[in-house]
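**Q** Please work out how this folds:
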Amino acid sequence: MHQIKKEFARNLRKESTPEEKKVWEALRNRKFMGLKFRRQHVLKGFVVDFYCHSLNLSIEIDGKIHEKQAEYDLLRQALIEEKGIRFIRMTNQEINHNIEKLYNEIKKFLK
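**A** Sure thing, here's the model as predicted:
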């Protein structure tokens with residue numbers, strides 16, 4: 001099952017949304033505060049958009065598809081949070097209009 005999830009994550013990386021690409025460009029290669037982020041990472045049996053192991057932090061960028069699966073997303077998040085992983089959830093619109101908000105949210109987890 002894990003191998004199937006890894007393949008699914010690989011396909012998601014190939015089909016990233018413009019907003020995911022924008023976030024990845026800002027986070028990749030330790031560009032943001034020297035933190036290592038992974039993209040489309042398998043975590044506790046689920047694929048999360050971005051993950052920073054040192055902060056135990058998942059970042060989810062929600063597009064239109066998430067409007068239809070909001071209940072599933074909240075359940076999935078709750079199951080992952082039970083393992084001590086924290087979440088930042090932002091919409092595509094927030095990323096496009098104020099990516100600084102994401103940076104500020106990440107900085108809160110550094111304290």
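**Q** Identify the residues contacting Glu81.
**A** Phe87 (CB atoms under 8 Å, 6 or more residues apart in numbering). Where you see a C-beta, it was placed from the backbone N, CA and C, and this is true even at glycine.
**Q** how about a cut-off of 10 Å?
**A** By CB atoms under 10 Å, 6 or more residues apart in numbering, Glu81 lies in contact with 44, 56, 58, 87.
**Q** For PyMOL, what selects the buried ones among these?
**A** Entered in PyMOL, the line below selects the buried ones among the contacts of Glu81, by 16 or more other CB atoms under 10 Å:
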select buried, resi 58
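**Q** Restricted to strands, list the contacts of Glu81.
**A** 58, 87 (DSSP state E).
**Q** and of the contacts of Glu81, the nearest to Ala70?
**A** Distances from Ala70 to those, taken as CB to CB, are shortest for Phe87 (14.0 Å).
**Q** any idea how far that closest one is from Asn29?
**A** 23 Å (CB to CB, to the nearest Å).
**Q** Repeat that for Arg76.
**A** 28 Å.
**Q** Next: Arg89.
**A** Applying CB to CB to Arg89 and Asn29 gives a distance of 24 Å.
**Q** Show the residue spans covered by the strands in the chain.
**A** Going by DSSP E, the chain shows strands at 38-43, 46-52, 57-62, 86-91.
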